[in-house]
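# Here you go, sequence then predicted model.
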Amino acid sequence: MRKLKSIFYSDLFWLMTVLTVSLIGYLFTIHGFPPGLLNDEVDIGYEANSILLTARDQWGNFLPLQYFSGFGGTRLPLLIYWTVAFIKFFGLNQEGLRLAGVAAALLGIVGFFFLLKNLYDNLLAGLATIVLILTPWFWGLTRTTNEAVLALSLTIWGILFLYLSRKKDIFLILAAIFLGLSFYAYYSSQIFTPLLMVLLFWKWPWLHKGKLFPKAASLMVFLFIISPLILKTLTGGGSAVRLEQTGIFGNVSLVGELNVRRFDCEQNAPAIWCRTIYNKPLLWLGEVSANYLNHFSPTFLFTDNWFVGILPPGRLFFLGLLPGLIAGFLVLVRESQEKKWLWLGWLLAAPIADSLTSNGQAMRALLIVPPLVAIAVIGWRSILNYLDNPKLKILLISGLAIFLLFETAHFLSDYFWYFPLKNSMYSHYPYQPLMDYLLSVEKDYPQIYISNAANSSIKQYAFYVFYDKFDPHIFQNRSTVKWERENEGWIWVKQIGKWNFVKSLPPLYKIPRGSLLVSDPDETSNTSKLRLENIVENQILTLTPLKTIRYLNGDPAFVISVVNPKPLGEICNETTSQEIINAVCNK
């Protein structure tokens, strides 16, 4: 019995348990959950393939260090370089791309286990890590290949090395490397990491006492790593551009509402008063504060939240952990300085970056999840330790286990059976069968036109180059690629060879006969209507449907049609258009 108990409390047992749960959860669901690939995923995959084959990004820039342009934004580079090895060994496909995400998630999971093991013990570390894996928020985000997961994993290891540096100075250098690299993974880290580092250096005595050289060396390493990004931001690029594209400071509707209130105020009060009350700094401060507080609201965490394309509608966090969270905060008040300020500082700093852009976006706010899980599990352990009655303790453990198992079963049922059917349009599932079909028949048609249906037209080309494994040398050469940069900075790829990516289907008379047109059912139906303008050489151009690509629930996503001419004599029995009848049929 004693030997069995020692195994149960061993770090090897819990590490193997955590890895087993993770690998089963990831590898058995890697292909279809979420169904399809997201816009950003195909862009990351193609950029990684371009780096692998040409040492340049898709736009021809040699080994970008500060950011990749992608769709015209400023995508940080680390995840793309991380993905290169997986594309090399598994190919440019969904499995190779998603395995890069799995590896990033496993890196964070193992780091979280060792962080808690060093702060507490193996039992708490193992249980908390399993809870982390099964938490809907973490579960959903780590099943796609995205920057937030890699940034979180690097942050966890950086914090772990900071804590371990209390015993060996060399860990300070490792912490500087991992925390510095997190700047290149996700923009949220560029705000979160400095805030948390300052707090920990202040509250963890071994970071500001003792030998000066290791601390100065680690700081120099950290500053050296992040200096290219700092220089880019100071010159108006990188983070500055990203904040302009996504932040609330460029929100026209907010400024418009401010101007309306100021105007109405000035009708009845002195202008100086109205301008003091209604101004942009106060507007932004109020908006950021409201956004920040919403990240901790029960509604956001426990009731109704939906991150389209990644999670089904519902809670991000298990309700059964709420009592543990409450108890955990009470426990932290009496904890040691290093534990108290780690979890509280981490939790309080995590939502700041997301608050500059929204009132709660699951990917940008992913940094919140580890401290919430840790505090909840710490709290539940304190509740159980407080109970002296063994029977009551067993009863409470059993009740909690049953409730959490029910919540887990409910979430996984939604995730595996409800979510794919109801939400495959948001995870862009139809693009794979669409591209598979078009690539199989493209040689038979002079031109292919894909309209803005169920996606942004500036991003549709990425699905084509990804699934076609389009040669990046040819893409960079630009001889068959036409594109333009729009006012907001986004890049619209209009044409790649015979493939045309349009915002709406052009009139049929402007399209070569025999071309394929792809759009949603409504636009296809409208375009296919008989019109006088489509009469060419005593024939009228019409659309003949060839195939319908459907979402997983059976609803039509894309209709693929071919432009065909018909003799004018054949249309009189088909049309109800009085214009056509008067112009053609009554002659």
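Perfect, I can see it now. Residues are numbered from 1 along each chain as shown.
# Please tell me how far stretch 38-51 is from the chain's geometric centre.
Between the centre of stretch 38-51 and the centre of its chain there are 13 Å (C-alpha atoms, centre = their mean, to the nearest Å).
# can you pull out the strands in this structure?
Per DSSP state E, the chain carries strands over the ranges 448-451, 481-485, 491-496, 499-502, 516-519, 535-536, 539-550, 556-567.
# what about the residue lying closest to Lys547 once chain neighbours are set aside, neighbour count?
Leaving aside its chain neighbours, Lys547 sits nearest to Ile560 (4.5 Å; criterion: C-beta to C-beta, 6 or more residues apart in numbering). For the C-beta atoms, the positions are set from N, CA and C on the backbone; glycine is no exception. Using other C-beta atoms under 10 Å, Ile560 has 21 other residues around it.
# Do you know the pLDDT at Leu505?
If you check Leu505, the pLDDT there is 85.
# hang on, it packs against Asp520?
No: in this structure, Leu505 is not within contact of Asp520 by C-beta atoms under 8 Å, at 10.0 Å.
# hey, what's in contact with both of those two?
With contacts taken as C-beta atoms under 8 Å, 6 or more residues apart in numbering, Leu505 and Asp520 have Ser451 as neighbours in common.
# Of the two, give the one with the bigger neighbour count.
Set Leu505 next to Asp520 and count neighbours by other C-beta under 10 Å: Leu505 wins out with 23 against 15.
# give the contact list for that one.
Here Leu505 is in contact with 449, 451, 517, 519, 523-524, 527 (C-beta under 8 Å, 6+ apart).
# Please tell me how far it sits from Tyr163.
With distances taken as C-beta to C-beta, to the nearest Å, Leu505 is found 59 Å from Tyr163.
# Convert stretch 548-557 to PDB, retaining C-alpha atoms only.
Presented in PDB, the C-alpha positions along stretch 548-557 are these (Å, rounded to 0.1, in the frame of the first residue of the first chain):
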ATOM      1  CA  THR A 548     -22.700  22.300 -54.500                       C
ATOM      2  CA  ILE A 549     -20.200  22.300 -51.600                       C
ATOM      3  CA  ARG A 550     -22.000  21.900 -48.300                       C
ATOM      4  CA  TYR A 551     -21.400  22.600 -44.700                       C
ATOM      5  CA  LEU A 552     -21.400  19.600 -42.400                       C
ATOM      6  CA  ASN A 553     -25.000  20.200 -41.500                       C
ATOM      7  CA  GLY A 554     -26.000  19.900 -45.100                       C
ATOM      8  CA  ASP A 555     -26.600  23.600 -45.800                       C
ATOM      9  CA  PRO A 556     -25.100  24.800 -49.100                       C
ATOM     10  CA  ALA A 557     -21.900  26.800 -48.800                       C
END
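# what sits up against it?
Residues outside stretch 548-557 that contact it (C-beta under 8 Å, 6+ apart): 35, 420-422, 424-425, 429-430, 433-434, 437, 453-454, 520-521, 558-560.
# quick one: average pLDDT of the lengthiest helix in the chain?
Longest helix of the chain, by residue count under DSSP state H: helix 94-119. The average pLDDT within helix 94-119 is 93.
# Can you spell out which helices and strands pack onto that helix?
helix 11-27, helix 39-54, helix 78-90, helix 122-134, helix 147-164, helix 337-349 (3 or more C-beta pairs under 8 Å, 6 or more residues apart in numbering; DSSP states H and E).
# Next, the buried residues of it.
Within helix 94-119, the residues that count as buried by 16 or more other C-beta atoms under 10 Å are 94, 96-117, 119.
# okay, the angle between that helix and helix 337-349?
140 degrees (axes from the mean of the first three to the mean of the last three C-alpha atoms, to 10 degrees).
# just the angle between helix 94-119 and helix 78-90, please?
Put simply, helix 94-119 runs at 120 degrees to helix 78-90, going by the same axes, to 10 degrees.
# wait, which of the contacts of Leu505 is closest to Pro545?
Thr524 (7.5 Å; C-beta to C-beta).
# Check the spacing between the residue lying closest to the closest one once chain neighbours are set aside and Trp380 real quick.
Spatial nearest neighbour of Thr524, chain neighbours left out: Val559 (4.2 Å); criterion: C-beta to C-beta, 6+ apart. From Val559 across to Trp380, the span is 53 Å (C-beta to C-beta).
# do the same with Ser424
For Ser424 relative to Trp380 (C-beta to C-beta), the value is 36 Å.
# So those two - more neighbours on which side?
Between Ser424 and Trp380, counting by other C-beta under 10 Å, Trp380 is the more crowded of the two (25 against 22).
# burial measure for the nearest residue to the more buried one once chain neighbours are set aside, as a count.
Once flanking residues are discounted, Trp380 sits nearest to Gly324: 3.7 Å by C-beta to C-beta, 6+ apart. By other C-beta under 10 Å, 25 other residues sit near Gly324.
# do the same with the one 4 residues further on
By other C-beta under 10 Å, 25 other residues sit near Gly328.
# OK, contacts around it?
374-380, 382.
# so how far is Leu152 from it?
Relative to Leu152, and taking C-beta to C-beta, Gly328 is found at 20 Å.
# Equivalent analysis for Gly45, please.
Per C-beta to C-beta, Gly45 is found 20 Å from Leu152.
# Tyr186 now?
The value you get for Tyr186 to Leu152, if C-beta to C-beta is used, is 8 Å.
# Neighbour count for the two, which is higher?
Leu152 (31 against 27).
# I'd guessed the more buried one sits against Arg364; true?
No: look at Leu152 against Arg364 with C-beta under 8 Å: they stay out of range, at 11.3 Å.
# ok so, going back, now intersect the contacts of stretch 548-557 with the helices, please.
Per DSSP H, helices hold the following members of the contacts of stretch 548-557: 420-422, 433-434, 437, 521.
# What about those, which one has the most neighbours?
Neighbour counts for the ones in helices among the contacts of stretch 548-557 peak at Leu434, which has 23 neighbours (criterion: other C-beta under 10 Å).
# contacting residues around the closest residue to Leu404 other than its chain neighbours?
Nearest non-adjacent residue to Leu404, counting by C-beta to C-beta, 6+ apart: Gly320, 4.6 Å away. Contacts for Gly320 (C-beta under 8 Å, 6+ apart) come out as 400, 403-404, 407.
# For PyMOL, what selects the buried ones among those?
The following PyMOL line selects those of the contacts of Gly320 that are buried, judged by 16+ other C-beta under 10 Å:
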select buried, resi 400+404+407
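# Tell me which two of the contacts of Gly320 sit farthest apart.
The most widely separated members of the contacts of Gly320, counting by C-beta to C-beta, are Leu400 and Glu407 (10.6 Å).
# circling back: per-residue pLDDT, the residue nearest to Leu404?
Value for Gly320, per-residue pLDDT: 85.
# same deal with Leu282?
The model reports Leu282 with a pLDDT of 72.
# Check Val369 too.
On pLDDT, Val369 comes in at 93.
# What of Gly60?
Looking at Gly60, its pLDDT reads 88.
# The chain should start at 23 in everything you say after this.
In the new count, where the first residue is 23, that last one comes out as Gly82.
# burial of the residue nearest to it when sequence neighbours are not counted, as a residue count?
Nearest non-adjacent residue to Gly82, counting by C-beta to C-beta, 6+ apart: Gln498, 4.4 Å away. If you count neighbours by other C-beta under 10 Å, Gln498 ends up with 17.
# so who does Gln498 touch?
72, 76, 78, 80-82.
# can you redo those as TSV with neighbour count?
Shown next, in TSV, are the contacts of Gln498 (neighbours: other C-beta atoms under 10 Å):
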residue	neighbour count
Ser72	28
Thr76	17
Arg78	17
Gln80	25
Trp81	17
Gly82	14
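# Of these, which pair is most distant in space?
The most widely separated members of the contacts of Gln498, counting by C-beta to C-beta, are Thr76 and Trp81 (11.2 Å).
# Now stretch 350-358: buried residues?
Judged by neighbour count using 16+ other C-beta under 10 Å, the buried positions of stretch 350-358 are 350-351, 353-354, 357.
# What is the nearest of those residues to Ser44?
Taking C-beta to C-beta as the measure, Ser44 lies nearest Gly350 of these, at 23.8 Å.
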